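> Structure for this input, please:
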Amino acid sequence: MVTLSKRMQALADQVSAGTVFADIGTDHGFLPIYLVEQKKVERAIAMDVRPGPLSRAKEHVKEAGLEAKIELRLSDGLEKLSIGEAQTILISGMGGPLMEGILTRGAAVAKEATELILQPQSEIDGFRRFLAREGYVTLEEDMCLDEGKYYFLMKVVHQSKPEAREGYVPSTDVEFAYGGLLLQQRNSLLLDFLLREKALWEDTYTHLKQQTPNKKIVSRMEEISKKLELVNEGIHQIRR
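Reported below is the predicted structural model:
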């Protein structure tokens, strides 16, 4: 049986039971193997743009005896996935801009899925804004801490789908930055993250303040002040 990392387990926990599951950027294929072994999904499609990881995933699928349940495809993003072929599509472990590109090029496929489970590694604020512009609503949000790093997870669906009726769309800067549902839920891990961010930005600001001011330093201090305003607003919303 496959054992998952905390991050991967958090992703697996967001997958709805009984679906056909597509893992975009599957790497070693451990997540689809786990979900099939646990009988949480009917079958899975494991996809990767790189032949090397896909070959390793194929070996792991064979070792697990799941060739009949997990199909492997060499694919650039959603390119080799047909519309409606998978109800659950997972994209994780990539930078926000890369994920935006995948969802833009594969928009027809993504917008027909019952759920997209997404875990951007960077530029998360901008990624949430992209989702809102493209008509996606948030169904669930979660966080996990794995080996000292915080991860933001989100389950979304396009507004054209019936599942979107109960969805949520961020509308303020603090919601785009940290996740409106996480703030509403007063998520304790988000609070930990924000307190750490506050300490880091305050230390950086203090260090800059001690230097001889110039245009670059002043600009950076103004940028940090705005970040601290956002962090403090997030902390206030959780604690109020």
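> in this protein, which spans are strands?
19-24, 41-48, 70-74, 88-94, 115-120, 136-146, 149-158 (DSSP state E).
> what's the closest of these to A199?
strand 149-158 (13.9 Å; CB to CB). Backbone N, C-alpha and C define where each C-beta goes, glycine included.
> and the top helix by length along the chain, what other elements does it pack with?
When the chain is parsed with DSSP state H, its longest helix is helix 215-239. The contact analysis (3 or more CB pairs under 8 Å, 6 or more residues apart in numbering; DSSP states H and E) places helix 215-239 against helix 173-178, helix 180-184, helix 188-209.
> what does the last one contact?
For helix 188-209, contacts defined as CB atoms under 8 Å, 6 or more residues apart in numbering pick out 143-145, 150, 178-179, 182-183, 217, 220-221, 224-225, 227-228, 231-232, 234-235, 238-239.
> ok, now with 10 Å
141-145, 150-152, 177-179, 182-183, 187, 216-218, 220-221, 223-228, 230-239 (CB atoms under 10 Å, 6 or more residues apart in numbering).
> same thing with the shortest one?
Applying CB under 10 Å, 6+ apart, the set of residues contacting helix 180-184 from outside is 128, 138-143, 152-155, 167-172, 174-175, 177, 187, 189-191, 193-194, 233-234, 236-238.
> Write a PyMOL command that selects only the buried members of these.
In PyMOL, this line selects whichever of those come out buried by 16 or more other CB atoms under 10 Å:
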select buried, resi 128+138+139+141+142+143+152+153+154+155+167+168+169+170+174+175+177+187+190+191+193+194+233+234+237+238
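> got a pLDDT number for the residue of the chain positioned farthest from its centre?
In the chain, the greatest distance from the average C-alpha position (CA atoms, centre = their mean) is reached by T212, at 40.2 Å. Note for T212: predicted pLDDT of 89.
> Over to E71?
pLDDT recorded at E71 is 97.
> Could you check how far it is from T204?
Between E71 and T204 the distance is 48 Å, computed by CB to CB, to the nearest Å.
> can you count the residues close to P32?
Look at P32: counted by other CB atoms under 10 Å, it has 31 neighbours.
> How about the contacts made by it?
Residues near P32 by CB under 10 Å, 6+ apart: 2, 12, 15, 21-23, 26, 41, 43-47, 57, 60-61, 64, 66, 69-72, 90.
> swap the cut-off to 8 Å and go again
F21, D23, T26, V41, A44, I45, A46, V61, I70.
> now do V157
V157 makes contact with A113, T114, E115, L116, Y136, V137, L139, E163, A164, G167 under the criterion CB under 8 Å, 6+ apart.
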